[in-house]
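# Here is the input, now give the coordinates:
(one chain, ligands or ions: 1)
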Amino acid sequence: MAALPKFNPHCVIWFGRPSPRERDMLAAAGWRMRIADPARDIRVGMRGEDYVIGLVDLRGGETSALAALERLVTDHADLPLLALTSEDTPTEDAGVRRILSACGERLVAPLNPQQFGQALSSFDVDGTCMADDSGMIGQSAPMLEVHGILHRYSRVDLPVLITGETGTGKELAARALHERSSRHRAPFVAVNCGALPPSLVQSELFGHERGAFTGASARRIGLFESADGGTLFLDEIGDLPLDAQTNLLRVLQEGTLERIGNSHSLRIDVRVLAATHVDLEQAVASGRFRQDLYYRLDVLRVDMPPLRDRGDDIELMARRFLEAFREHHAVTARGFNAAARQAMRAHRWPGNVRELLNRVRRAAVIAEQPLIGPAELQLGKDDGTGAGLDHAREHAEREAVLSVLRETGCNVSASARRLRVSRVTMYRLCRKHRLSLAEMR
Ligand SMILES: Nc1ncnc2c1ncn2[C@@H]1O[C@H](COP(=O)(O)OP(=O)(O)OP(=O)(O)O)[C@@H](O)[C@H]1O
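Okay, here's the model as predicted:
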């Protein structure tokens with residue numbers, strides 16, 4: 001069980017019906033429990049020095065209980081809340097979404113003692129849920145979906161393909177999968193396939209014997225062997241040369257590998273997670289990626305949503321990034337003004353979370369006032385209105401180009417005719433909005 005919060009005594013108020021196993025789990029972890037009927041018993045809060053967390057049990061999803069739970073989260077905005085859902089929770093229901101977004105963290109039944117302990121201990125002294133162990137922040141609907149998927153996928157040992165634009169947190173998602181899995185005590189090894197020199201990829205991944213090739217002066221253990229018992233994360237898998245793809249396929253099919261210069265097969269127990277920001281189906285079609293390997297890797301898939309689709313998470317993350325930066329640096333900035341918040345909402349974030357992190361850090365360094373404005377974030381004019389309108393126009397233009405390209409199957413002449421622009425302008429618009437015709441076709 002993970003370390004529990006330092007507060008003592010600590011109590012979980014369970015709004016719903018815990019099972020005997022769940023009661024035992026809490027008791028074993030040293031937590032007291034109070035069971036409350038959300039429809040009747042909603043007077044909760046701190047008693048003396050008690051540290052109280054509310055657990056909103058959304059299993060079952062009966063309408064009357066949901067309405068009471070929604071009232072509860074509204075009336076107790078100060079109470080740190082944890083949501084518990086199951087597969088039958090109507091997560092698309094607007095009321096359920098409101099409840100989930102008010103909760104710092106969501107757990108999916110059946111509860112596992114370790115994840116439960118970690119979730120409880122992730123509440124800080126102010127009762128704010130920080131992030132899970134992997135550091136993944138986000139409570140928007142697309143991120144709640146990702147958390148749910150990661151939770152389900154962490155319980156099995158199959159490969160996972162993680163897709164998404166650059167900087168959306170694919171590596172973080174891979175770490176979360178590892179940390180929530182039964183392999184979490186064994187190594188997590190991450191490798192960027194695109195950064196490995198093609199001539200060394202095989203020996204980096206699978207290792208080599210002394211004298212296997214010129215320059216191999218000693219035996220070398222490959223990354224697969226280093227990750228034995230744990231997880232190997234292959235980032236930018238689309239960049240893996242074809243010969244290495246063949247060997248990777250063999251490891252996935254047979255669970256064995258051979259070091260270069262040694263024909264002896266080694267049995268290996270590694271869960272492979274792979275990520276890509278390019279369209280692998282396109283790479284298969286153009287012969288750059290083995291189809292059989294693609295099918296092996298694409299058993300389970302996680303699509304990381306772009307930051308621009310994550311709503312309030314943008315501001316939440318910006319605040320957290322600023323807080324984290326302030327812990328180690330003496331800076332004046334301690335928040336964001338309304339115009340900065342508006343500019344952040346309007347920006348399209350092509351570099352996603354990495355871009356947000358960098359803009360916040362830079363702004364924290366240069367800001368001379370306690371509240372950061374759009375200028376420090378380099379997001380347009382300080383009044384916010386101009387920035388918002390410009391971005392809205394850009395956004396509308398991109399959406400128009402994208403939708404006409406989709407309708408015409410990326411036919412440039414037909415798209416140009418529909419938008420009443422020349423073909424040259426059509427190409428210019430695609431470049432401007434970073435729409436790759438090759439990848440979209
Ligand atoms: N949900 C999140 N909460 C907090 N930090 C995040 C989140 N998502 C991403 N980050 C941070 O953003 C940065 C980029 O994340 P990461 O490297 O996982 O993205 P990626 O999709 O793997 O990028 P690339 O495609 O360039 O390899 C990292 O510093 C990471 O810690």
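# what element comes up after the one helix or strand residue 353 maps to heading to the C-terminus?
Of the helices and strands defined by DSSP states H and E, residue 353 is found in helix 352-366. Scanning forward in sequence from helix 352-366, with DSSP H and E defining helices and strands, the next element found is strand 371-372.
# now that following strand: mean pLDDT?
The predicted model assigns strand 371-372 a mean pLDDT of 92.
# contacts for it?
With contact meaning Cβ atoms under 8 Å, 6 or more residues apart in numbering, strand 371-372 is reached by 322, 333-337, 340, 360, 363-364. Yep, even glycine has a C-beta here, placed from its N, CA and C like the rest.
# Quick check: residues of the protein near the ligand?
Listed as neighbours of the ligand in the chain under the rule Cβ under 6 Å from any ligand atom: 135-138, 164, 166-172, 235, 275, 277, 317, 353-354, 357.
# OK, now which residue of the stretch 251-400 of the chain is nearest to the ligand?
The stretch 251-400 of the chain approaches the ligand most closely through residue 353 (3.6 Å), counting by Cβ to the nearest ligand atom.
# right, and that residue touches residue 167 too?
Yes - here residue 353 lies in contact with residue 167, judged by Cβ atoms under 8 Å, at a distance of 5.4 Å.
# residues shared between the contacts of those two?
Each of residue 307 lies in contact with both residue 353 and residue 167 under the rule Cβ under 8 Å, 6+ apart.
# of those two, who's got more company?
When residue 353 is set against residue 167 and neighbours are counted by other Cβ atoms under 10 Å, the residue ahead is residue 353, at 25 against 21.
# What residues does that one make contact with?
Applying Cβ under 8 Å, 6+ apart, one finds that residue 353 lies in contact with 167-169, 307, 317.
# Residue 141 versus that one, what's the distance?
Separation of residue 353 from residue 141 (Cβ to Cβ, to the nearest Å): 17 Å.
# And residue 269, by the same measure?
Relative to residue 141, residue 269 is positioned 36 Å away (criterion: Cβ to Cβ).
# Between these two, which is the more surrounded one?
Set residue 269 next to residue 141 and count neighbours by other Cβ under 10 Å: residue 141 wins out with 18 against 12.
# Just list the residues touching that one, thanks.
The neighbours of residue 141, taking Cβ under 8 Å, 6+ apart as the test, are 97, 100-101, 311.
# what's the closest of these to residue 202?
Sorting the contacts of residue 141 by how near they are to residue 202, with Cβ to Cβ, puts residue 311 at the top with 44.1 Å.
# That closest one falls within a strand, correct?
No - secondary structure of residue 311, determined by DSSP: H, G, I helix; E, B strand; the rest coil: coil, with no strand assignment.
# That one reaches residue 139, doesn't it?
No - with contacts counted by Cβ under 8 Å, residue 311 stays clear of residue 139, the gap being 9.3 Å.
# Tell me which of the two has more neighbours.
Per other Cβ under 10 Å, whichever of residue 311 and residue 139 has more neighbours is residue 139, with 21 against 17.
# need the contact list for the residue in the chain that the ligand sits nearest to.
Closest residue of the chain to the ligand, Cβ to the nearest ligand atom: residue 169 (2.7 Å). By Cβ under 8 Å, 6+ apart, residue 169 lies in contact with 136, 304, 352-353.
# Make a markdown table out of these and add pLDDT and distance to residue 117.
Below are the contacts of residue 169 laid out as a markdown table (pLDDT from 0 to 100; distance: Cβ to Cβ, whole Å):
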| residue | pLDDT | distance to residue 117 |
| --- | --- | --- |
| 136 | 87 | 18 |
| 304 | 96 | 27 |
| 352 | 95 | 31 |
| 353 | 96 | 27 |
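# who wins for most neighbours among those?
Going through these with other Cβ under 10 Å as the criterion, the one with the most neighbours is residue 353, at 25 neighbours.
# From residue 342, how far off is that one?
If you measure residue 353 against residue 342 using Cβ to Cβ, the figure is 19 Å.
# how about the strands in this structure?
Residue ranges of the strands in the chain, as given by DSSP state E, are 10-15, 32-36, 51-57, 81-85, 105-108, 160-163, 188-192, 231-235, 256-257, 266-267, 271-276, 300-303, 335-336, 371-372.
# Format the ones you listed as a markdown table; extra columns: mean neighbour count.
What follows is the strands of the chain, written out as a markdown table (neighbours: other Cβ atoms under 10 Å):
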| stretch | mean neighbour count |
| --- | --- |
| strand 10-15 | 22 |
| strand 32-36 | 15 |
| strand 51-57 | 23 |
| strand 81-85 | 25 |
| strand 105-108 | 23 |
| strand 160-163 | 23 |
| strand 188-192 | 18 |
| strand 231-235 | 25 |
| strand 256-257 | 16 |
| strand 266-267 | 13 |
| strand 271-276 | 24 |
| strand 300-303 | 16 |
| strand 335-336 | 20 |
| strand 371-372 | 22 |
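# could you dump these to JSON lines with distance to residue 243?
Rendered in JSON lines, the data for the strands of the chain read as follows (distance: least, Cβ to Cβ, whole Å):
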{"stretch": "strand 10-15", "distance to residue 243": "54"}
{"stretch": "strand 32-36", "distance to residue 243": "57"}
{"stretch": "strand 51-57", "distance to residue 243": "52"}
{"stretch": "strand 81-85", "distance to residue 243": "45"}
{"stretch": "strand 105-108", "distance to residue 243": "41"}
{"stretch": "strand 160-163", "distance to residue 243": "21"}
{"stretch": "strand 188-192", "distance to residue 243": "16"}
{"stretch": "strand 231-235", "distance to residue 243": "15"}
{"stretch": "strand 256-257", "distance to residue 243": "14"}
{"stretch": "strand 266-267", "distance to residue 243": "19"}
{"stretch": "strand 271-276", "distance to residue 243": "17"}
{"stretch": "strand 300-303", "distance to residue 243": "26"}
{"stretch": "strand 335-336", "distance to residue 243": "50"}
{"stretch": "strand 371-372", "distance to residue 243": "50"}
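# Compare those and give me the one nearest residue 411.
Counting by Cβ to Cβ, residue 411 lies closest to strand 160-163 out of those; the figure is 25.5 Å.
# Which strands and helices lie in contact with the closest one?
Judged by 3 or more Cβ pairs under 8 Å, 6 or more residues apart in numbering; DSSP states H and E, strand 160-163 is in contact with helix 170-179, strand 271-276, strand 300-303.
# hmm, try it at 10 Å
Packing contacts for strand 160-163, counted by 3 or more Cβ pairs under 10 Å, 6 or more residues apart in numbering; DSSP states H and E, involve helix 141-154, helix 170-179, strand 231-235, strand 271-276, helix 291-297, strand 300-303.
# Reformat these as a markdown table; add mean pLDDT and distance to residue 244.
Rendered in a markdown table, the data for these read as follows (pLDDT from 0 to 100; distance: least, Cβ to Cβ, whole Å):
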| stretch | mean pLDDT | distance to residue 244 |
| --- | --- | --- |
| helix 141-154 | 88 | 25 |
| helix 170-179 | 94 | 19 |
| strand 231-235 | 95 | 10 |
| strand 271-276 | 95 | 13 |
| helix 291-297 | 95 | 10 |
| strand 300-303 | 95 | 22 |
